[in-house]
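Visitor: Fold the following for me, if possible:
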Amino acid sequence: MTKSLYIKMTQWFKHHPAAYKMLYFIYKYLPMVFMAAYPLMLIYKAVFSLDRGILNLLIVPPCVFLSVTVMRKLINRRRPYEKFCTPSVIEKNREGCSFPSRHTASAFIIALCGYTLWLPLGIALTFLALFIGLSRILAGVHFISDVLFACVYSVLLGVVFFFII
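Guide: As a prediction, this is how the structure comes out:
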């Protein structure tokens, strides 16, 4: 992402209040769907199917979350608004820790949990995870590479642990 593209993007949202409100809603509230879905999936799996899959659901998402958190600290990449010295679309004052996007990684690994329970749930959560990743880019708090890496990382780990092992 170049500085001029970043500025055009942020300015566009500032001049289109309805688009800004939609972006704000997705950015702020869509992650809460995943925060609620994950424990509900764990409860469902524990109550209705006592198999080894419950261990994967208990272990893999927290491991993805923790590993992404460690990567962010070690890499400590500046965020777009820091690099370009301009405000983000949605105000954020955090410095560094941009790569990879933790919201995106968490959303995708939880979406993969959904596939282990019910295909339509996994598909729906995947679409919502895409919106979360996109909202991080459009809000100007993550670079495209932050979001893409988080998505690929979560999907690869999820496929390995949920479907191959």
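
Visitor: what's the spacing between the residue lying closest to residue 65 once chain neighbours are set aside and residue 17?
Guide: In this structure, residue 65 finds its nearest non-sequential neighbour in residue 106, 5.6 Å apart by C-beta to C-beta, 6 or more residues apart in numbering. For the C-beta atoms, the positions are set from N, CA and C on the backbone; glycine is no exception. Separation of residue 106 from residue 17 (C-beta to C-beta, to the nearest Å) stands at 29 Å.

Visitor: Which of those two has more residues huddled nearby?
Guide: Ranked by neighbour count (other C-beta atoms under 10 Å), residue 106 and residue 17 place residue 106 first, with 23 against 9.

Visitor: The residue most central in space within the chain: which element?
Guide: With the centre of the chain defined as its mean C-alpha position, the nearest residue by C-alpha atoms, centre = their mean is residue 104, 1.3 Å away. Per DSSP states H and E: residue 104 is located in helix 102-117.

Visitor: next one: residue 150
Guide: Using DSSP H and E, residue 150 maps to helix 144-158.

Visitor: packing partners for the helix holding residue 104?
Guide: helix 17-48, helix 53-75, helix 119-138, helix 144-158 (3 or more C-beta pairs under 8 Å, 6 or more residues apart in numbering; DSSP states H and E).

Visitor: out of those, nearest to residue 164?
Guide: Nearest to residue 164 among the helices and strands packed on helix 102-117 is helix 144-158 (10.0 Å), distances taken as C-beta to C-beta.

Visitor: Next, the buried residues of that closest one.
Guide: Residues of helix 144-158 classed as buried by neighbour count (16 or more other C-beta atoms under 10 Å): 146, 147, 148, 149, 150, 151, 153, 154, 155, 157, 158.

Visitor: Show me which of these is closest to residue 70.
Guide: residue 153 (12.2 Å).

Visitor: from memory the closest one sits against residue 68, does it?
Guide: Yes: Residue 153 lies in contact with residue 68 (C-beta atoms under 8 Å); the separation is 7.1 Å.

Visitor: and the helix-or-strand element of the chain with minimal mean pLDDT, what other elements does it pack with?
Guide: When each helix and strand of the chain is scored by mean pLDDT, DSSP states H and E, helix 3-15 comes last, with a mean of 90. When contacts are defined as 3+ C-beta pairs under 8 Å, 6+ apart, helix 3-15 packs onto helix 17-48.

Visitor: For the helix it packs on, buried residues please.
Guide: Neighbour counts using 16+ other C-beta under 10 Å place 20, 23, 26, 27, 30, 31, 33, 34, 37, 38, 41, 45 of helix 17-48 among the buried residues.
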